[in-house]
Structure formats: C-alpha cells, structure tokens
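Student: okay, sequence plus prediction incoming.
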Amino acid sequence: MTSERIGLLIDRLPQLQSLNRQVRRLIALQDLLTEVLPDSLASSTTVALSAAKELVLFADNGAAAAKLKHLAPRILVFFRQRRHEVTAIRVQVQVRIRHNPLLQKRISLSQTARQAISELSATLDASPLKSALERLGRRKTPLPDRHD
C-alpha cells in the first residue's frame with residue numbers, strides 16, 4: 001500500500017481523523033518551535049504533547065532543558081503571535097538515542113595481538129581474568145567497540 005493510499009485511508013476513517021488532527025498539530029507546533037529556537041537547541045527538542053493549552057517539550061539533555069526553561073516566556077509569546085493557544089510550557093528530559101556510526105565500529109585483533117594475549121594468559125594462575133584472556137586470544141571475529 002502506497003503512502004498516498006494510507007493517507008487517504010487515515011483521512012477517511014472516522015476513528016483515525018482525531019489522531020490525524022493531533023499529529024498534524026504536533027508537526028505544526030514542532031515547525032514553529034524550530035523557527036523560534038537556535039538550530040542547536042531545536043535539534044535537541046521535540047514537541048511531545050499539546051493538551052489543555054499546555055505544551056510539553058522533550059529535551060535531549062539537562063542543558064537543553066535548562067535553556068528551554070529559560071526561553072519559555074519567549075516561546076509562549078511567539079506561539080501566541082501565531083494564534084496558538086498555549087498558556088504554559090512544561091519541559092522534560094527525554095534522552096534520544098541517535099544513530100552513531102562510531103558505536104557500530106568493529107575492532108579486529110591481529111594475529112600478533114592474539115598471540116601476545118595467549119602468551120600473557122599462559123603466565124597467569126587460574127582466574128576469571130585468565131579465562132577471559134584465553135577466549136580473547138582465540139577470537140578471530142571482530143569485537144564490537146563499546147563506548148560505556
């Protein structure tokens with residue numbers, strides 16, 4: 001089913017019309033928010049909910065949330081000037097996980113590195129460290145690069 005047909009279906013089904021209106025309103029509010037905020041802050045902020053004249057904004061981190069709270073009066077004025085009935089802004093921190101190519105990087109051990117690890121493990125007494133080094137020395141497939 002193409003996106004146009006899905007759109008027509010959503011527009012025609014009474015059960016989905018209310019949801020469609022809400023989604024369109026959130027998109028419009030997000031677009032307005034992008035106009036009023038600096039680019040760096042706009043990319044860290046999402047309009048989450050707009051109900052009972054209260055606008056809920058999700059910030060990616062505490063620093064963005066603090067800046068949004070500071071800018072809330074300016075945002076309210078901006079929205080009112082564009083005929084949106086918003087009387088309050090609530091800011092919440094909601095961390096988004098973004099695609100990060102560095103997190104998908106794989107680390108491969110060379111034959112020399114595996115041999116050095118195996119030699120080191122041979123010098124250790126039985127322990128969890130020795131077992132881990134032995135497994136690592138035998139490993140030939142790439143390891144996931146962890147950024148903890």
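Tutor: Structure received. Residues are numbered from 1 along each chain as shown.
Student: what about residue 86, neighbour count?
Tutor: As a burial measure, residue 86 scores 18 neighbours (other C-beta atoms under 10 Å). For the C-beta atoms, the positions are set from N, CA and C on the backbone; glycine is no exception.
Student: state the pLDDT value of the residue nearest to the spatial centre of the chain.
Tutor: The centroid of the chain falls nearest to residue 96 when counting by C-alpha atoms, centre = their mean (1.9 Å). Residue 96 is assigned 72 on the pLDDT scale.
Student: give the contact list for the residue lying closest to it once chain neighbours are set aside.
Tutor: Here the nearest residue to residue 96 in space, its sequence neighbours aside, is residue 60; by C-beta to C-beta, 6 or more residues apart in numbering that works out to 5.5 Å. By C-beta atoms under 8 Å, 6 or more residues apart in numbering, the residues touching residue 60 are 44-45, 93-96.
Student: can you do 7 Å?
Tutor: 44, 95-96 (C-beta atoms under 7 Å, 6 or more residues apart in numbering).
Student: mind listing what's buried in stretch 117-136?
Tutor: Residues 117, 121, 133-134, 136 are the ones in stretch 117-136 that count as buried (16 or more other C-beta atoms under 10 Å).
Student: can you show me the strands along the protein?
Tutor: Using DSSP state E, the strands of the chain run over 45-51, 54-59, 88-93, 106-107, 143-144.
Student: tell me which of those is the most buried.
Tutor: Most buried of the strands of the chain, by mean neighbour count (mean count of other C-beta atoms under 10 Å): strand 54-59, with a mean of 20.
Student: who touches that strand?
Tutor: Contact with strand 54-59 is made by 29, 44-49, 65, 68, 86-94, as judged by C-beta under 7 Å, 6+ apart.
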